[in-house]
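Asks: Whatever this is, show me its structure:
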Amino acid sequence: MDFSDKRSLTRWIIIIASFIIITMILWNTYVFFQIFKNEERLKMELLATAQKTLINAGENTELDLPLKIFSNNTTIPIIVTENDSIINTINIDDEIINDEQKSKKLLSKLKTENVPIVIEYVPGKFQYLHYGNSSLLNKLKYYPIALLLIIFLFGSLVYNFYKSTKMATQNKLWAGMAKETAHQIGTPLSSLIGWLEIMKADNVDETTVAEIEKDIVRLQNITDRFSKIGSEPVLEIKDIVSETEESFDYLQSRFSKQVEFSFKAPKGPILVSINPALHSWTIENLVKNAIDAMKGRGKLAVVIEEDANFVKIKVTDSGKGIPKSQFKRIFEPGFTTKRRGWGLGLSLTKRIVEEYHKGKIKVLNSEINKGTTMLVSYKKNI
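Replies: Have a look, this model is predicted:
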């Protein structure tokens, strides 16, 4: 048995042991409740006997014991009836006694709590002693509910702690992998830059050199992005329109002509505090996801809008759409609808937008087989 199997077995043992302990506590509570209930029944039968003694008392009858039995009951509410009329009450507020409707309502409640005790004080004449549960019994009755609530809250706390710890570990792992990737890309990238200079010196076709240089710059940007994961990026006040359009133009030139691209934005600059490399990554992820949703064919529109305080970037595609139940799940690490996807693109995008840039990202709207609009919003630098 390996370590993971042992850990899984230990977890199940703890869960089963906890379940057994909880079951035993609840069972013991039920047993105590029944014991107290039976004891209260015996007290009420004794009190019924005292009531019968008081009714039939003569001049020489000793009344100390019956009266003491009555005086010792200070917690159990009692209503004594005869011919459906209330003739005596014990431990009940005067407000209820003086209100006919409230007293009848209380009497109905006592009938449901306990079976009344019949007092045949003379042959053929009966009184009925109705009684409720004492305050102690009522507290004991709700004890299992309170116990289950405490267990539920404790379980939720442990689960949240476990989940947050696991997420923190995953974040550290992904950050470490990202930095290592940036480090590994750096070596061949330096070599490519050297070869590019040789190509320039050998007077290779300028168009070819220019395209290769663009891709090398792109690789440098990608390396820069990965190196920033897990650390606090430096934000700069930039024109969000030009930064977005630059990323858009690069992507448009690299994808098939079967995708109909469109870009719309205000003419003037809109200043926002962003990290250019990470913002470019955001646009790239959203555009690539949109193209994947359309399977490489359809219409893709990037629209920038602004109001008094915020700038909004909308990325709309004509793809397969997203079910409403998955609007939030698509941002979870590991969630993907693609066979070979890792489910990290939108998770990283959400982190870049919300944690690094203090913005918001969400699915604005989506219809199955019609398309989806993603919305990114940032606070403007006014």
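
Asks: make it CA atoms for all contacts and neighbour counts henceforth
Replies: OK.

Asks: wait, doesn't Thr74 sit right on Asn91?
Replies: Yes. Thr74 lies in contact with Asn91 (C-alpha atoms under 8 Å); the separation is 6.4 Å.

Asks: Against Leu348, how distant is the residue nearest the centre of the chain?
Replies: Central residue of the chain (C-alpha atoms, centre = their mean): Asn160, 9.5 Å from the mean position. Per C-alpha to C-alpha, to the nearest Å, Asn160 is found 22 Å from Leu348.

Asks: same question, Phe327
Replies: Phe327 is 16 Å from Leu348, by C-alpha to C-alpha.

Asks: neighbour-wise, which of those two wins?
Replies: Between Phe327 and Leu348, Leu348 has the larger neighbour count (other C-alpha atoms under 10 Å), namely 20 against 14.

Asks: pLDDT value on the more buried one, please?
Replies: On pLDDT, Leu348 comes in at 82.

Asks: that older thread, state the next helix or strand along the chain beyond the helix or strand where the residue nearest to the centre of the chain lies.
Replies: Taking DSSP states H and E as the definition, Asn160 sits inside helix 135-201. Proceeding N to C from helix 135-201, the next assigned helix or strand is helix 206-228, under DSSP H and E.

Asks: can you dump the C-alpha coordinates of the helix or strand following that next one into CSV?
Replies: Beyond helix 206-228 on the C-terminal side, the first helix or strand identified by DSSP H and E is strand 236-239. In CSV, the C-alpha atoms belonging to strand 236-239 read as follows (Å, rounded to 0.1, in the frame of the first residue of the first chain):
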residue,chain,number,x,y,z
GLU,A,236,1.7,51.8,-15.7
ILE,A,237,-0.8,54.4,-16.8
LYS,A,238,-1.5,53.4,-20.5
ASP,A,239,-4.0,54.1,-23.2
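
Asks: Leu54 is in contact with Gln63, correct?
Replies: Slight slip there: residue 63 is Leu, not Gln. Yes. The pair Leu63 and Leu54 passes the contact test of C-alpha under 8 Å, sitting 7.2 Å apart.

Asks: Touching both of the two, which residues are there?
Replies: Common contacts of Leu63 and Leu54, defined by C-alpha atoms under 8 Å, 6 or more residues apart in numbering, are absent altogether.

Asks: care to break the chain down by domain?
Replies: Following automatic domain parsing, the chain resolves into domains at 3-133, 233-379.

Asks: what's in contact with stretch 79-99?
Replies: Contacts for stretch 79-99 (C-alpha under 8 Å, 6+ apart): 74-78, 102-103, 107, 126-131.

Asks: Only the buried residues of that stretch, if you could.
Replies: By neighbour count on 16 or more other C-alpha atoms under 10 Å, the buried set for stretch 79-99 is 79-81, 86, 89-90, 97.

Asks: Now do that stretch: distance from first to last residue.
Replies: First-to-last residue span, stretch 79-99, C-alpha to C-alpha: 14 Å.

Asks: Mean confidence (pLDDT) on it, please.
Replies: Stretch 79-99 comes out at a mean pLDDT of 86.

Asks: pLDDT below threshold where in the stretch 201-350 of the chain?
Replies: Across the stretch 201-350 of the chain, the ranges flagged by pLDDT under 70 are 225, 228-231, 333-344.

Asks: in it, which spans are helices?
Replies: Per DSSP state H, counting those that start in this stretch, the stretch 201-350 of the chain carries helices over the ranges 206-228, 240-254, 276-293, 345-350.

Asks: Switch these over to a markdown table; also include distance to Phe331.
Replies: Listed next are those as a markdown table, based on distance: least, C-alpha to C-alpha, whole Å:
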| stretch | distance to Phe331 |
| --- | --- |
| helix 206-228 | 19 |
| helix 240-254 | 21 |
| helix 276-293 | 12 |
| helix 345-350 | 5 |
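
Asks: Tell me which of these sits nearest to Tyr30.
Replies: Closest approach to Tyr30 among those (C-alpha to C-alpha): helix 345-350, 49.0 Å.

Asks: who does the closest one touch, helix- and strand-wise?
Replies: helix 276-293 (3 or more C-alpha pairs under 8 Å, 6 or more residues apart in numbering; DSSP states H and E).

Asks: Pull out the buried residues from the helix it packs on.
Replies: Residues of helix 276-293 classed as buried under the neighbour-count rule (16+ other C-alpha under 10 Å) are 276-287, 289-291, 293.

Asks: Let me know the closest of those residues to Thr316.
Replies: Ala290 (7.3 Å).

Asks: what number of residues lie near the residue nearest to the closest one when sequence neighbours are not counted?
Replies: Excluding its sequence neighbours, the residue lying closest to Ala290 (C-alpha to C-alpha, 6 or more residues apart in numbering) is Asp317, at 5.5 Å. Neighbours of Asp317 under the rule other C-alpha under 10 Å: 30.

Asks: ok, Gly359 touching Leu375?
Replies: No. Taking C-alpha under 8 Å as the definition, Gly359 is not a contact partner of Leu375, at 10.5 Å.

Asks: what residue ranges in the stretch 51-200 of the chain score low on pLDDT?
Replies: For the stretch 51-200 of the chain (pLDDT under 70), the answer is 59-61, 167, 169-184, 187.

Asks: Could I get the domains of the chain in JSON lines, plus columns for distance to Leu147?
Replies: Below are the domains of the chain laid out as JSON lines (distance: least, C-alpha to C-alpha, whole Å):
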{"stretch": "domain 3-133", "distance to Leu147": "9"}
{"stretch": "domain 233-379", "distance to Leu147": "33"}
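
Asks: For Ser191, which of the ones you listed is the nearest?
Replies: Of all those, domain 233-379 comes closest under C-alpha to C-alpha, at 22.1 Å.

Asks: End to end on stretch 353-363, go ahead and measure it.
Replies: First-to-last distance for stretch 353-363 - C-alpha to C-alpha - comes to 14 Å.
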